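In: sequence first, then the predicted structure:
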Amino acid sequence: MRHIIESQQFNRALIEKLFALADQLGNGHGTELRGKIMASLFYEPSTRTRFSFESAMMRLGGNVLTTENAKEFSSAAKGETLEDTIKTVNNYADVIVLRHNEEGASKRAAAVSEIPVINAGDGPGQHPTQALLDLYTIAKELGRVDDVRIAFVGDLLHSRTVRSLAYLLGKFTGVHMTLVSPNELRIKDDIKAYLKRHHVSFEETEDLTGAMKTANVVYQNRIQKERFEGTKIFDLVKSFVIDRKLADSMKKGAVILNPLPRVGELLPEVDDSPHAAYFKQMGYGVAIRKALLAHVLS
Ligand code: CP
């Protein structure tokens, strides 16, 4: 059974195999998964992840069953447990792509599923397929994933994409991470412990200007307002906005990534900068998700 639950499950050989498969499959149309059915079960909102998975499945010749807002439009609204829903969908599909608001939901789903479960984001936990497409973007844009100096910027406390990408980058050599956030939104200790265990050098700072000048990759994330209870949350990150002046201070060949959506942290005036790679990044999601679907269903 090939569930995709967290970044730690990937090793370098598998990542390279998936990237080669993504290169081979590209964004074109084929028949590799003809007759297969993917169920996308989304309990939290999504534009990119759901559409790119569905597009990937269709471009491989497969079919799609989908429920967005599953809390309201599936039998979860009547009180059905996640486990019962997963057992039900097992009768109708060959693979489940699950986004859920609770950390650990994909692991719970996989425990009762006889078909592969792919974690498409579980609360503040992980988003491993996003991390794979982020890493694929770095490989494509920089031509390497080793010896990369990456600045993670923004709400590092709640960002599942930052967590998942940090885990993946820890498997490569010569990586340095600059963790740029306000004190209140520092990355969690479990990631720092992982980085130390894997001898990945990192530093924590509030100096965005300095980090922008030295990074090969700036990976910014929006403030995850759905994970907060208080109100003045945007005040926390107002000093961490990337504008054109900051983008222009970057090294030649350096790129800005953002998993998107953006909510004010990355100004539209950056979009035509040679460093802006975030729209290309979302495009790479189709090839990577085609490779993942082909992998789990092979
Ligand atoms: N990057 C990402 O997960 O975007 P969506 O929430 O639109 O799927």
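Out: Cool, the structure landed. Residues are numbered from 1 along each chain as shown.
In: in what helix or strand does Gly285 lie?
Out: helix 278-297 (DSSP states H and E).
In: show me what that helix is packed against.
Out: Packing partners of helix 278-297 (3 or more C-beta pairs under 8 Å, 6 or more residues apart in numbering; DSSP states H and E): helix 12-25, helix 48-59, strand 95-100, helix 128-142, strand 255-257. Every residue, glycine included, has its C-beta placed from N, CA and C.
In: count of neighbours near Ile242?
Out: Ile242 has 25 neighbours, counted by other C-beta atoms under 10 Å.
In: I'd say Pro261 and Gln224 touch.
Out: No. Shown here, Pro261 and Gln224 do not form a contact pair, counting by C-beta atoms under 8 Å, at 11.1 Å.
In: who's more crowded, those two?
Out: It is Gln224, of Pro261 and Gln224, that has more neighbours when counted by other C-beta under 10 Å, with 19 against 10.
In: what does this structure have sitting close to the ligand?
Out: Ser46, Thr47, Arg48, Thr49, Gly121, Gln130, Pro259, Leu260, Pro261 (C-beta under 6 Å from any ligand atom).
In: how close does the second one get to Gly285?
Out: What it means is Thr47. Separation of Thr47 from Gly285 (C-beta to C-beta, to the nearest Å) stands at 11 Å.
In: same deal with the fourth one?
Out: As for Thr49, its distance to Gly285 is 8 Å (criterion: C-beta to C-beta).
In: name the residues contacting each of these two.
Out: The contact sets of Thr49 and Gly285 overlap at Thr129, Gln130 (C-beta atoms under 8 Å, 6 or more residues apart in numbering).
In: helix/strand/coil for Glu269?
Out: At Glu269 the chain is in helix, as set by DSSP: H, G, I helix; E, B strand; the rest coil.
In: which ones are touching the residue nearest to it when sequence neighbours are not counted?
Out: Using C-beta to C-beta, 6 or more residues apart in numbering and skipping the chain neighbours, the partner closest in space to Glu269 is Arg244 (4.4 Å). By C-beta under 8 Å, 6+ apart, the contact list for Arg244 reads Leu267, Glu269, Val270, Ser273.
In: rebuild those residues as JSON lines, extending it with pLDDT and neighbour count.
Out: Formatted as JSON lines, the contacts of Arg244 follow (pLDDT from 0 to 100; neighbours: other C-beta atoms under 10 Å):
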{"residue": "Leu267", "pLDDT": "97", "neighbour count": "15"}
{"residue": "Glu269", "pLDDT": "98", "neighbour count": "12"}
{"residue": "Val270", "pLDDT": "98", "neighbour count": "21"}
{"residue": "Ser273", "pLDDT": "98", "neighbour count": "16"}
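In: any chance of TSV for the residues you listed, columns distance to Gly154?
Out: Below are these laid out as TSV (distance: C-beta to C-beta, whole Å):
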residue	distance to Gly154
Leu267	14
Glu269	18
Val270	14
Ser273	18
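In: from these, which is closest to the ligand?
Out: Lowest distance from the ligand to the contacts of Arg244 (C-beta to the nearest ligand atom) belongs to Val270, with 17.6 Å.
In: right, and that closest one touches Ile242 too?
Out: Yes. In terms of C-beta under 8 Å, Val270 counts as a neighbour of Ile242; the distance is 6.0 Å.
In: report the buried residues of stretch 291-298.
Out: Neighbour-count burial for stretch 291-298, counted by 16 or more other C-beta atoms under 10 Å, picks out Ala291, Leu292, Leu293, Ala294, His295, Val296, Leu297.
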